[in-house]
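>>> Build me a structure from this.
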Amino acid sequence: MDRIILHCDLNSFYASVELLEHPELRNTPTAVCGDPRLRHGVILAKNEPAKAAGVRTGESVWQALQSCPGLQLLPAHHEKYRSYSRLVNEVYQTYSDRVERFGIDESWLDVTGTLHLFGGDACALADRIRAQVRDSFGLTLSVGVSFNKTFAKLGSDYRKPDATTPIPRSAVPSLVWPLPVDQLLGVGPAAAGQLARCGVQTIGQLAHAPRQTLQLMLGRQGPQLQDLALGLDRSPVTPAGSTPPPKSVGNGLTFPRDLVGKEELRTGYTLLADQVAARLRRHGLKGATVQVAIRDPQFRTIQHQRRLPVPTFLSSELAQTAMDLTGERWNWRLPVRALTLTVSGLVPWEEAGEQLDLFHPGDTARRSRRERLEWTMDDIRARYGNASITPTSLLPRPSRE
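Numbers count the residues shown, from 1 in each chain. Modelled structure (predicted):
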């Protein structure tokens, strides 16, 4: 028997929460953005009138004002969004004990075992949840109803705002397969570009592409994406309150001023690597792949990644790999507005075996000492605060702001 999965997506969440206190702006193009004075002037969310005017999430404030000169800007209040997210998820948990968050504004619900308690009609239950959230909090939902998580999310994306979209197994060829391939969960810009180069532009074309070709193009990810396109997603909805292990650990920073040159970028990466490595150790993980994203003052971004010979949680190795990746793709003389460092390919640290080097046995010993050192740094910070110990390269210099 097929499962019954709902994907609930709060519409224009940040903007909708802010408009609860500014109802006079409900029919006016309005967007939520970071503080331009701190160089965080990026559109975080927009309401439907702003969307109709061409405002896009992620673009800079000045770009949004060019396309919509009358755009009203509101500051972000993240604690408020977390509070509403928590309240809405408590509503979901009255209908199922299997509620898995997917970001602050999206959640999956597996109602297979509880649907009979609420009338037995999945779409009617989705409408009931939408009405309860609207009446209780003044927020609207789009809900997808399907037999797996991937297609349930496609359903919630299909019609917005405030709609219920069922995708039963019988509707997959007519409803899902004609959609652009980048609408499938897991197909990012890079994968979509590679698929397009061999003529795969829709989800249906992905479903019927030669499996060996997908393997050659995308490695292990190719057949996995084809399984999703075929409706073979069997991933469970995790119980409410449980936290699935992370698939990646990363951090990004927009700097108060542009960074220029190797020394300044190394300082930025050292700060990010120190934070990412500490989080890896806190989760008991090591990572095998390092990715950097570099954004210039014109908001152009390049990404580059590399698989490491040995999984690591060492900040020095992450920072050096980030510098190596940057040197392969970036002109050091160009200004950098923001950096992001992400580690994926995560494994429990005790399972991340390292092959001993017969010719350089000292390397393994040095690595072991470095790992013990960084564990000790974690202990010191836990006792005396994060500022109690820091890499030397992050200490202020007279010439550095």
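
>>> burial count for the spatially closest residue to Val61 that is not a sequence neighbour?
For Val61, ignoring the flanking residues on the chain, the nearest one in space by CB to CB, 6 or more residues apart in numbering is Gly41 at 4.1 Å. All C-beta spots, glycine's among them, are computed from the backbone N, C-alpha and C. Look at Gly41: counted by other CB atoms under 10 Å, it has 18 neighbours.

>>> Equivalent analysis for Arg197, please.
9.

>>> ok, now Tyr92?
For Tyr92, using other CB under 10 Å, the count is 22.

>>> Next: Arg220.
Arg220: 9 neighbours (other CB under 10 Å).

>>> so who does it touch?
Contacts for Arg220 (CB atoms under 8 Å, 6 or more residues apart in numbering) come out as none.

>>> So what does it look like in phi/psi?
In terms of degrees, to the nearest 10, the main-chain angles of Arg220 are phi -60, psi -30.

>>> now the strands for this protein?
5-10, 30-33, 43-46, 72-75, 99-101, 106-110, 141-146, 164-167, 248-259, 285-295, 301-312, 336-348 (DSSP state E).

>>> Same list, the ones you listed, but as TSV with mean neighbour count, mean pLDDT and distance to Pro223 please.
Putting the strands of the chain into TSV (neighbours: other CB atoms under 10 Å; pLDDT from 0 to 100; distance: least, CB to CB, whole Å) gives the following:
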stretch	mean neighbour count	mean pLDDT	distance to Pro223
strand 5-10	27	98	22
strand 30-33	25	92	39
strand 43-46	23	90	35
strand 72-75	15	92	44
strand 99-101	22	94	24
strand 106-110	23	96	23
strand 141-146	27	97	21
strand 164-167	22	97	22
strand 248-259	15	91	21
strand 285-295	21	94	19
strand 301-312	16	92	19
strand 336-348	20	93	18
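
>>> To Val133, which of these lies closest?
Of all the strands of the chain, it is strand 141-146 that lies closest to Val133, at 5.5 Å by CB to CB.

>>> which residues of the chain score low on pLDDT?
35-40, 243-244, 350-364, 384-388, 390-401 (pLDDT under 70).

>>> And the most centrally placed residue in it, how far from Ser85?
Nearest to the mean C-alpha position of the chain, by CA atoms, centre = their mean, lies Gly103 at 7.6 Å. Look at Gly103 and Ser85: by CB to CB, to the nearest Å, they are 9 Å apart.

>>> cool, and Asp121?
Taking CB to CB, one finds Asp121 at 27 Å from Ser85.

>>> got it, and Pro29?
25 Å.

>>> Same check on Ala338?
Counting by CB to CB - Ala338 and Ser85 are separated by 25 Å.

>>> Next: Pro180.
Per CB to CB, Pro180 is found 29 Å from Ser85.

>>> again with Gln201
Gln201 is 35 Å from Ser85, by CB to CB.

>>> Compare those two (neighbour count), which wins?
Counted by other CB under 10 Å, Gln201 and Ser85 do not tie: Ser85 has more neighbours, with 19 against 14.

>>> Skipping its backbone neighbours, what lies nearest that one in space?
The shortest distance from Ser85 to any non-neighbouring residue, by CB to CB, 6+ apart, is to Ile104 (4.8 Å).

>>> Identify the residue nearest Leu71 in space, chain neighbours excluded?
Pro29 (5.0 Å).
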